[in-house]
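Trainee: Attaching a predicted model along with its sequence, questions to come.
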Amino acid sequence: MSKPIALSSPELAFNARWLTETEVAETFVPPHHFSRVARRGHTLIVGPRGSGKTTLLKMLQPAALSAWATKSAGEIRNLVDYCGAFVPADISWSQQVSAALDPGTAQRVMQAAFTTSALRALVETAEWRVLEVDDVGTQRFLGVHLERSREVALVREVANAWGLNLETPSLLGLRHSLRRALLSLRSSVDSAIAKDPGGSQIGHPLSSIDLLQAAALFVEIFNDAVAEGHRRWALLFDELEIAPAWIQKYLFEALRSADSRLLLKLALSPFNNNISIGEAGTAPAAGQDYEQVALWFAQRRPAERAHEQLPFCVAIWDTTLRRLRLPNTSAFEALGDSASTDDDPVAEQGESGRRGRARRRDVYALTGKRGRAFKQLYDIDSTFRSYMSARDVTPQSINRMREEEKARVIRKVAPIVAVRAFYRGPSQSDGNVQSVARSRKGIDLYTGAEAFFAISEGHPRWLKMVLARILEDASDSGQLRIRRDRQGAAMLAAAHRFNALLSTLSSGLPATQSKFRSVHQLVKTVAEYFHSEVVKAPFRAEPPLSFIVDANISDEFLLALQLAVNIGAFVYMPDGEGEIVLRSLRGRRFRVSYWLAPIYGLPLVSGRAVSLSSILFEGARGDDLFTEIARSD
């Protein structure tokens, strides 16, 4: 048996923010968009919680790139000709502010906290670089030599410009001076309030310094000291959605005007109305001033799956097996086929020729997973029989169809058929349609490699957490096979954990909307509506599985929706290559996250869109469909 995964393992870290650069590098699997993030230039990295924003930014630090030892590491290091300093957003930037301060002084206090934190990250990165070799004598990535006399001159000049009291003339001493300045900020505020109720006379050295100007000065002096006048630096700002609004606006506007030696890479949640994206005039423009990178797969288009999401998920699977010293086994062999996706299991696994044709026949044979679902639904559902008859197809004739016709008529409805057949049950006729509550032990609808990867949404944190549970106690000898019940239990557990998180988020709606007290209740209403349309309504090849926020949705509801989008419960489905940061939700299309599909019985496809008001205020067709599932877990 393999060793259980230690609680301190990077696979179980909830957020890469708490991992060292070396730990991040050890488990890092580059997604297809990492090269775009890594290119020299300003970048806006957008994704909900858990989508990997922190990991991508941390991997742009020289310490992480130096520790990263894979085949693709060299290619990325060739792209990164700048030095990255990671700056995590901190709620303490605003906690330093007293209610007694006037607005202008309050912003200066936040500016001091924000500037001090960012400059500390810059100095700390410089410290790492001047230690040219690591503990085993290997040259560090971007490592440089800094003579002691030059270091002394450098830090004295920088400390003087920043208004710091430098006790030790070294980079370490400069970093400590910044820490002392941050600690003294609160006392400076209290002293200013004692002299003036509005605190307008605050006397803190960093309360009036512009961050980017201060950073550019440090970069210029440091580069000159190490004879690297050309070197660019990047400030890597994470989780900016928790930063004060003026900081978000300041950094975004700097994408157009920052010093040429400074790059900005900013990580945000999908909804943000604090920045001027899409506005005409002087606002930065995507594709011109910065590149925008979305960290989610909204549509699950075939090309997107084949070339982006699937390789990334498979690479995380393979990397996890190696780290756990488990047999090198394909995920498709270990987890098996899926009935609940429209993926071509043959194309997904790269099979062709006679073996590929045989696999396709097996999948849709009456004894295959998808074939059984088609036969079961055909026998009990007259509306589905009408769909098949109109196309002159029966379950027995599917394998005689041409592949192009099968893809158009059969494969595209396979996820709908699987869910509809599963939740109707084998004995329910048209006149007695009830949604059958399936317990954890019986649910295998969402098992198999294709479904596992689809439900993951391509989110690395979800993949690593669920894989840790699926592979716990797996055998380290022989062929690796993961039982269906174990897969289903792990994915259901992950869905319920996420649902529990949603239950803790207040919707902020007034008492008159008591039905939607939490974000969970809002998501539940939408998800149950979609399930009812798939299972109880007459069969349709494209039932509603996404919604558009229409004009009938009040501003109060929009606040709850914003929470659901940023946490990842609702997935934004942009049209084409437009802006991916949303300043308004109206007129935008969303679907329910596939993370929740095992709870609510949803197909892993987008379906057609309906207005959100028709879901919330006209109601679903059925009652509470999943009480039994909730109780069974």
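Mentor: Nice, I can see it. Numbers count the residues shown, from 1 in each chain.
Trainee: immediately after the longest helix that the chain contains, which helix or strand?
Mentor: Counting residues, the longest helix found in the chain (DSSP state H) is helix 103-130. Sequence order places helix 148-162 as the next helix or strand after helix 103-130, per DSSP states H and E.
Trainee: That following helix - what's its average pLDDT?
Mentor: Mean per-residue pLDDT for helix 148-162: 97.
Trainee: quick one: buried residues of it?
Mentor: 150-151, 154-155, 158-159, 162 (16 or more other Cβ atoms under 10 Å). The C-beta positions use only the backbone N, C-alpha and C, and glycine is treated the same way.
Trainee: same check, this time on stretch 30-44
Mentor: Under 16+ other Cβ under 10 Å, the buried positions of stretch 30-44 are 30-31, 33-34, 37-38, 41-44.
Trainee: Could you check how far stretch 245-262 is from the centre of its chain?
Mentor: On the basis of Cα atoms, centre = their mean, to the nearest Å, stretch 245-262 sits 24 Å off its chain's mean C-alpha point.
Trainee: which parts of that stretch are buried?
Mentor: 247-248, 250-255, 258-259, 261-262.
Trainee: what do you get for stretch 556-566?
Mentor: Applying 16+ other Cβ under 10 Å to stretch 556-566 flags 557, 560-566 as buried.
Trainee: Let me know the closest of those residues to Thr55.
Mentor: Nearest to Thr55 out of these is Asn566 (Cβ to Cβ; 18.0 Å).
Trainee: For the protein, which segments are assigned as strands?
Mentor: Using DSSP state E, the strands of the chain run over residues 43-46, 82-88, 232-238, 262-268, 291-294, 544-548, 570-572, 589-592, 608-611.
Trainee: tell me the most buried of these?
Mentor: Burial of the strands of the chain is given as mean neighbour count (mean count of other Cβ atoms under 10 Å); strand 43-46 ranks first at a mean of 26.
Trainee: Can you dump the C-alpha atoms of it in CSV for me?
Mentor: What follows is strand 43-46, C-alpha atoms only, in CSV (Å, rounded to 0.1, in the frame of the first residue of the first chain):
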residue,chain,number,x,y,z
THR,A,43,-0.9,40.8,-17.4
LEU,A,44,-4.4,40.6,-15.9
ILE,A,45,-4.9,37.1,-14.5
VAL,A,46,-8.6,36.4,-13.8
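Trainee: tell me what it is packed against?
Mentor: Secondary-structure packing of strand 43-46 (3 or more Cβ pairs under 8 Å, 6 or more residues apart in numbering; DSSP states H and E): helix 34-38, helix 53-58, strand 262-268, strand 291-294.
Trainee: want to try a markdown table for these, with distance to Val144 and mean pLDDT as columns?
Mentor: A markdown table is the format used below for those (distance: least, Cβ to Cβ, whole Å; pLDDT from 0 to 100):
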| stretch | distance to Val144 | mean pLDDT |
| --- | --- | --- |
| helix 34-38 | 20 | 94 |
| helix 53-58 | 21 | 95 |
| strand 262-268 | 18 | 96 |
| strand 291-294 | 28 | 92 |
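Trainee: Between those, which one is closest to Gly368.
Mentor: Between Gly368 and the helices and strands packed on strand 43-46, the shortest gap by Cβ to Cβ is with strand 291-294, which sits at 35.5 Å.
Trainee: ok so, going back, by pLDDT, give me the weakest of the buried residues of stretch 245-262.
Mentor: pLDDT across these is lowest for Ala258, at 73.
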